[in-house]
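1. Give me a 3D structure for the following:
(one chain, ligands or ions: 1)
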Amino acid sequence: MPVLAVNYKAYPTAFGSAGLAIALSAEKLAEQYDGIVRFILAVPATEIARISEALDKVVVYAQHVDPVEPGAYTGFIPLEAVKEAGAKGTLLNHSERRLRLSDIDLLVRRATSLGLETLVCADTPAAAAAAAVFAPTMVAVEPPELIGTGLPVSKAKPEVITSSIRMVRMINPEVPVLAGAGITSGEDAARALELGAAGVLVASAVMKAKDPEAKMLELAEALAKAAEKQG
Ligand SMILES: O=C(CO)COP(=O)(O)O
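-> Residues are numbered from 1 along each chain as shown. Sure thing, here's the model as predicted:
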């Protein structure tokens, strides 16, 4: 089942009623595509509780967690806190919120022991392979230079997707690879699946859309069709 993951980032539409409205739209689509497309929303820490309480089919992730245990760490967010707030997983090492290799290792192990999923972001195929060593739930490869450009990685740099999949499979064939950066249309998303990706990680196409629900529908329908074609 292909994954449609939406990273809210800190766009104006990520917060308050706007962020909740996008989540409710995703929930409606997740019901329509139940068993066909898996929806994940990576939301700001301030929105995890409000959004996760409103959803059933959609999986809510944090965008980042800090490599600390609960304790005297002012301003830090431990894994336990996002779990308590209702998150089922977290992004790690997004190019806009990087972590040290040792922290990724620690956080994947601790998240797994807490029953939380992990989606480790990587800039390059080699970094994706390195992330796979830690056995995360998924890896997402996202060339930073394409992020937010509308130039989809699946068309501008398809070899980044295919090389990432090949290298991750050499390390751990159980780890699915998502593709992200510049993915804007259903065609971009379908192309990523044709290249072997297990889904897509998108942000601005949805968060800056005039009609976020229509955009998520376009992406979900394209992923569903591409997956069906693959059999
Ligand atoms: O960073 C990304 C998702 O985590 C990709 O961002 P865009 O979809 O805006 O290119």
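2. Ala140 is in contact with Ala122, isn't it?
-> Yes: using Cβ atoms under 8 Å, Ala140 is in contact with Ala122, at 7.1 Å. C-beta: built from backbone N, CA, C; applies to glycine.
3. Compare the two (neighbour count), which wins?
-> Just comparing Ala140 and Ala122: by other Cβ atoms under 10 Å the higher neighbour count belongs to Ala140, 30 against 27.
4. Report whether the more buried one is found in a strand, as I expect.
-> Yes: counting by DSSP: H, G, I helix; E, B strand; the rest coil, Ala140 falls inside a strand.
5. Which positions within the lengthiest helix in the chain qualify as buried?
-> Longest helix in the chain, counting residues (DSSP state H): helix 212-230. Buried residues in helix 212-230, counted by 16 or more other Cβ atoms under 10 Å: 212-213, 215-224, 226-227.
6. Show me what that helix is packed up against.
-> On a contact count with 3 or more Cβ pairs under 8 Å, 6 or more residues apart in numbering; DSSP states H and E, helix 212-230 meets strand 3-7, helix 16-32, helix 186-194, strand 199-202, helix 204-207.
7. Out of the ones you listed, indicate the one that is most buried.
-> strand 199-202 (a mean of 27; mean count of other Cβ atoms under 10 Å).
8. For the nearest residue to Lys157 once chain neighbours are set aside, grab the count of nearby residues.
-> Leaving aside its sequence neighbours, Lys157 sits nearest to Pro143 (Cβ to Cβ, 6 or more residues apart in numbering; 5.8 Å). Burial of Pro143, expressed as a neighbour count using other Cβ under 10 Å, amounts to 22.
9. Settle this for me: Pro143 is touching Val153, isn't it.
-> Yes: counting by Cβ under 8 Å, Pro143 does reach Val153; the two are 5.8 Å apart.
10. which residues are common contacts for those two?
-> Overlap of the contact sets of Pro143 and Val153 (by Cβ atoms under 8 Å, 6 or more residues apart in numbering) consists of 160, 181.
11. which residues sit against the host helix or strand of Lys155?
-> Assigned by DSSP states H and E, Lys155 belongs to helix 153-156. Residues outside helix 153-156 that contact it (Cβ under 8 Å, 6+ apart): 141-143, 146, 160-161, 179-183, 188-189, 191-192, 195, 197.
12. Can you sort out which of those residues also neighbour the ligand?
-> The subset of the contacts of helix 153-156 within reach of the ligand, by Cβ under 6 Å from any ligand atom, is 142, 180-183.
13. Just say helix, strand or coil for Val60.
-> strand.
14. Could you measure from the residue nearest to it when sequence neighbours are not counted over to Leu195?
-> Counting by Cβ to Cβ, 6+ apart, the nearest residue to Val60 once its immediate chain neighbours are dropped is Ser52, at 4.2 Å. Using Cβ to Cβ, to the nearest Å, one obtains 32 Å as the distance from Ser52 to Leu195.
15. picking up where we left off before, mind putting the helices and strands packed on helix 212-230 into TSV with distance to Val175 and mean pLDDT?
-> Shown next, in TSV, are those (distance: least, Cβ to Cβ, whole Å; pLDDT from 0 to 100):
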stretch	distance to Val175	mean pLDDT
strand 3-7	13	98
helix 16-32	23	98
helix 186-194	16	98
strand 199-202	13	98
helix 204-207	25	98
